[in-house]
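>>> Model the following, please.
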Amino acid sequence: STGASPRKLEIPGEEELGGRGVSYCATCDGFFFQNQRLIVVGGGDAALEEGIFLTKYASEVYVVHRRDQLRASQIMQERAFKNDRIKFIWNTVVEEIQGNDEKVTGALLKNVETGEKQGFPIDGVFIFIGHIPNTELFKGIIDFDDQEYIVVNKLQGTNIPGVFACGDVQD
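Predicted coordinates for the structure are as follows:
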């Protein structure tokens, strides 16, 4: 049960502003953004679920997605589209997270179709673009699937008798 780590954008400002406006967990950090403008990066179920959660606190949530349609399930899309506090920025990626010594102050957005870049004032960036399973320790020992998650049977057993895996490392 070594878990999984959030996939990162690996852009300027992401590491430097971690804990000061860059987050990978809405339920952990959403409360700190009362009446503030936020970006949620991603287009899957996790991004929309976390974005909807953030509307409990934020004044506005902008979902930034690199495509012109979401990958999330239909029900999650419907919930997000119905939420007045959620707006969508399509065909766009975050190229840089901007801030000062204290907090995030903005993001540099790039439209992937036109190449146009724009500064976008924002108070926080929540990133939900997937996870990387923490399996490096088990390479060459335990069987992985093509995304490097541990393969288990219905009893959570691995390819090694008596060794079991659970949680995000196998799911």
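>>> contacting residues around the residue nearest in space to the middle of the chain?
What sits nearest the mean C-alpha location of the chain, by CA atoms, centre = their mean, is F128, with 0.9 Å. Residues counted as contacts of F128 (CB atoms under 8 Å, 6 or more residues apart in numbering) are 6, 24, 40-42, 44, 46-47, 50. C-beta here means a position set from N, CA and C on the backbone, and glycine is covered the same way.
>>> mind giving me JSON lines with those and columns for secondary structure?
What follows is those, written out as JSON lines (DSSP: H, G, I helix; E, B strand; the rest coil):
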{"residue": "P6", "secondary structure": "strand"}
{"residue": "Y24", "secondary structure": "coil"}
{"residue": "V40", "secondary structure": "strand"}
{"residue": "V41", "secondary structure": "strand"}
{"residue": "G42", "secondary structure": "coil"}
{"residue": "G44", "secondary structure": "coil"}
{"residue": "A46", "secondary structure": "helix"}
{"residue": "A47", "secondary structure": "helix"}
{"residue": "E50", "secondary structure": "helix"}
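>>> what does the model give the nearest residue to V112 once chain neighbours are set aside for pLDDT?
Nearest-residue entry for V112: N91, 5.1 Å, with adjacent residues in sequence omitted and distances by CB to CB, 6 or more residues apart in numbering. With respect to pLDDT, N91 has a value of 98.
>>> Check the one 10 residues further on too.
According to the model's per-residue confidence, D101 sits at a pLDDT of 92.
>>> For T55, the count of nearby residues, please.
When counting by other CB atoms under 10 Å, one arrives at 18 neighbours for T55.
>>> Verify the stated contact: it with I86.
Yes - contact criterion CB atoms under 8 Å: T55 and I86 qualify, at 6.3 Å.
>>> so what sits against both of these two?
Counting by CB under 8 Å, 6+ apart, the common neighbours of T55 and I86 are V61.
>>> ends of stretch 107-115, how far apart?
With CA to CA, to the nearest Å as the measure, stretch 107-115 spans 15 Å from end to end.
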